[in-house]
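Q: quick one, fold the following:
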Amino acid sequence: MNFVSTRHGAPVASLSQALAAGLAPDGGLYVPQAVPAPRVLAAGTDLAATTAQLLAPFFAGDPLADALPAICAEAYAFPAPLQPLAGSGDFVLELFHGPTAAFKDFGARFLAACLQRVPRQDARELTILVATSGDTGAAVAAAFHRRPGVRVVVLYPDGRVSPRQAHQLGCFGDNIHALRVAGTFDDCQAMVKRALNDSTLQAQVPLSSANSISLGRWLPQMGYYADAALRHHAASGRELNLVVPTGNLGNALAAILARQLGVPLGRIVLATNANHVLPDFFAGGPYQPAPSVATLANAMDVGAPSNFERLRWLYRDDDAALREAFQAYSVDDAHIRQTVAGRYRRHGEVFCPHTATAVHVLEQLRAEGVQGDWAVAATAHPAKFDSVVEPLIGAAVPVPESLAALLNRPASAEPLAAEYPALRAWLAG
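A: The predicted structure follows:
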């Protein structure tokens, strides 16, 4: 399969070429030249096997095709269990059992496994640029840590990630470099995109991306939704509906694409924090990016979601069809606090602020009389947000062993101005 840019101004690329580039040369995002036809699917023997089956059409004809099962086995080496949500017949899809306790571990490890196998004619070190609002950077750092021929440069908004997230970003050392930017996530994302489109810089410093703008991050995220939905359908005969907390729209878009490929998913509802660009659009307003605002669910503090380009591509730029197909709800900090505290008080459940946005939206849907089988995507372990969660529940959150190991390492990050010349000078220096 070949891939094209959402902006229609770049040459057709193979999968390997698109993975290596990260961003299309016209500034657009790579998408399949044609979406594979829906087909009858069944869960594999495990999560990795399900994902390999689902992704096979995208790898067809590419040098990476024969390695796909091994890539999936490497990336999906930990579970994504569908657990009961207390007090209801609903579910929680736990996506935080990876090494950095966030769903982004799956896509980051998949991308790293792919890039390690893509032949490169340029023997120079490849620099992976990452803009993060919290969890992406640590997942990418863990996936690429000490891999030869690669350095990772992580940009994050200084003071706008949780203390434990910041520690993770700066604790790896070696080939991982953390830059704390005096600005917002949107500033970080804009700087990364500009660097990737800077041909003069690229001639000096070969660059690629590991944000969800990368195919290698976006496509594999379909795997855990497919596996959960297929197993649920096999057991119950019913589709699984989803509430997905989202900021940059990559994770939700993966579920949407999986449904188009034939995965038995029903409705997909988006949950955002107080950054309400997407809810405003789906409510009938224009798509109008806005400066991001800081919230308790900081990994979703995005005012210009990059993957909206891919969503429009998937629906052939038909905004009316998009609004008919999806709902998006905005959840403010007060309701995040109420949900975290209330679910613990009533059921002993502990959720991170991002998962709490989805839980709140599902509670709202149920109150409106919505029927069907529903699951919320639990995107991060609550221990990553102890400074938010623990005061609300009045108890300590146990720290997963893998996260504790990272928190015990020393950490540091370099300051950087929120200006592209500052990043360019750092990269070229």
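Q: who touches stretch 31-41?
A: Defining contact as Cβ atoms under 8 Å, 6 or more residues apart in numbering, one finds that stretch 31-41 is touched by 1-6, 12, 53-54, 57-58, 226, 230, 257, 260-263, 310, 313-314. Where C-beta positions appear, they are placed from N, C-alpha and C, glycine not excepted.
Q: can you tell me which of these are in helices?
A: Among these, the members falling in helices (DSSP state H) are Q53, L54, P57, F58, A226, L230, L257, Q260, R310, W313, L314.
Q: tell me which two of these sit farthest apart.
A: L230 and W313 (25.6 Å; Cβ to Cβ).
Q: comparing these two, which residue is more hemmed in?
A: Taking neighbours as other Cβ atoms under 10 Å, L230 and W313 compare with L230 leading, 23 against 20.
Q: count the neighbours of D46 for me.
A: D46 - counted by other Cβ under 10 Å - has 15 other residues nearby.
Q: looking at the residue lying closest to it once chain neighbours are set aside now. What's its pLDDT?
A: In space, and not counting its chain neighbours, D46 is closest to Y76: 7.5 Å by Cβ to Cβ, 6 or more residues apart in numbering. For Y76, the model assigns a pLDDT of 97.
Q: pretty sure Y76 contacts F106?
A: Yes. Under the criterion of Cβ atoms under 8 Å, Y76 makes contact with F106 at 6.5 Å.
Q: secondary structure class of the closest residue to D301 other than its chain neighbours, three-state.
A: Once flanking residues are discounted, D301 sits nearest to S292: 4.7 Å by Cβ to Cβ, 6+ apart. Here S292 is recorded as coil under DSSP: H, G, I helix; E, B strand; the rest coil.
Q: would you list the phi and psi of S292?
A: As for S292, its main-chain torsions (degrees, to the nearest 10) stand at phi -70, psi 150.
Q: what about the helices in the stretch 1-150 of the chain?
A: Under the criterion DSSP state H, counting those that start in this stretch, the stretch 1-150 of the chain contains helices at 15-21, 47-59, 68-75, 104-117, 135-144.
Q: want to throw those helices into a markdown table with distance to W374 and mean neighbour count?
A: Formatted as a markdown table, those follow (distance: least, Cβ to Cβ, whole Å; neighbours: other Cβ atoms under 10 Å):
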| stretch | distance to W374 | mean neighbour count |
| --- | --- | --- |
| helix 15-21 | 34 | 22 |
| helix 47-59 | 21 | 22 |
| helix 68-75 | 27 | 20 |
| helix 104-117 | 22 | 26 |
| helix 135-144 | 24 | 29 |
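Q: partners of the lowest-mean-pLDDT helix or strand in the chain in the sheet?
A: One helix or strand of the chain scores below all others by mean pLDDT, DSSP states H and E: strand 207-209, with a mean of 90. Paired with strand 207-209 in the same sheet, following DSSP bridges, are strand 126-131 (parallel).
Q: got the contact list for the partner strand?
A: In contact with strand 126-131 (Cβ under 8 Å, 6+ apart) are residues 22, 115, 120, 136-137, 140, 144, 149-156, 185, 188-189, 191-192, 195-196, 205-211, 427.
Q: gap between the helix or strand harbouring V181 and the chain center?
A: Assigned by DSSP states H and E, V181 belongs to strand 176-182. Centroid separation between strand 176-182 and its chain, computed with Cα atoms, centre = their mean, to the nearest Å, is 19 Å.
Q: what of stretch 170-189?
A: 17 Å.
Q: what of stretch 334-353?
A: Taking mean C-alpha positions (Cα atoms, centre = their mean), stretch 334-353 and its chain are 23 Å apart.
Q: likewise for stretch 325-332?
A: 18 Å.
Q: may I have the distance across it, first residue to last?
A: 24 Å (Cα to Cα, to the nearest Å).
Q: and that stretch, what's buried?
A: F326, Q327, A328, Y329, S330, V331 (16 or more other Cβ atoms under 10 Å).
Q: ramachandran coordinates for the first one?
A: Looking back up the chat, that one is F326. According to degrees, to the nearest 10, F326 has phi -140, psi 160.
Q: isn't it up against A283?
A: No. Contact criterion Cβ under 8 Å: F326 and A283 do not qualify, at 10.9 Å.
Q: what's the burial count for F308?
A: F308 has 20 nearby residues by other Cβ under 10 Å.
Q: identify the residue nearest it in space, chain neighbours excluded?
A: Leaving aside its sequence neighbours, F308 sits nearest to L249 (Cβ to Cβ, 6+ apart; 5.8 Å).
Q: and what of L15?
A: With sequence-adjacent residues excluded and distances taken as Cβ to Cβ, 6+ apart, L15 is closest to D62, at 4.2 Å.
Q: run a quick neighbour tally on that neighbour.
A: Other residues close to D62 by other Cβ under 10 Å number 21.
Q: where's it relative to Q165, distance?
A: 34 Å (Cβ to Cβ, to the nearest Å).
Q: ok and the helix or strand containing D186 relative to strand 176-182, angle-wise?
A: Per DSSP H and E: D186 is located in helix 185-196. For helix 185-196 against strand 176-182, the angle by axes from the mean of the first three to the mean of the last three Cα atoms, to 10 degrees is 130 degrees.
Q: now do the same contact list for the residue nearest the centre of the chain.
A: Nearest to the mean C-alpha position of the chain, by Cα atoms, centre = their mean, lies N251 at 4.7 Å. With contact taken as Cβ under 8 Å, 6+ apart, N251 is in contact with F103, S212, Q221, V244, A377, T379.
Q: swap in L362?
A: By Cβ under 8 Å, 6+ apart, the neighbours of L362 are L85, D90, V243, W374, V376.
Q: what of A178?
A: By Cβ under 8 Å, 6+ apart, the neighbours of A178 are G137, A141, V154, Y156, L169, G170, A411, S412, A413, E414.
Q: list the contacts of stretch 403-420.
A: Residues contacting stretch 403-420 (Cβ under 8 Å, 6+ apart): 99-101, 138, 142, 155-156, 158, 164, 166-172, 177-184, 187-188, 190-191, 194-195, 381, 383-384, 399, 422-423, 426.
Q: this completes my enquiry, with thanks.
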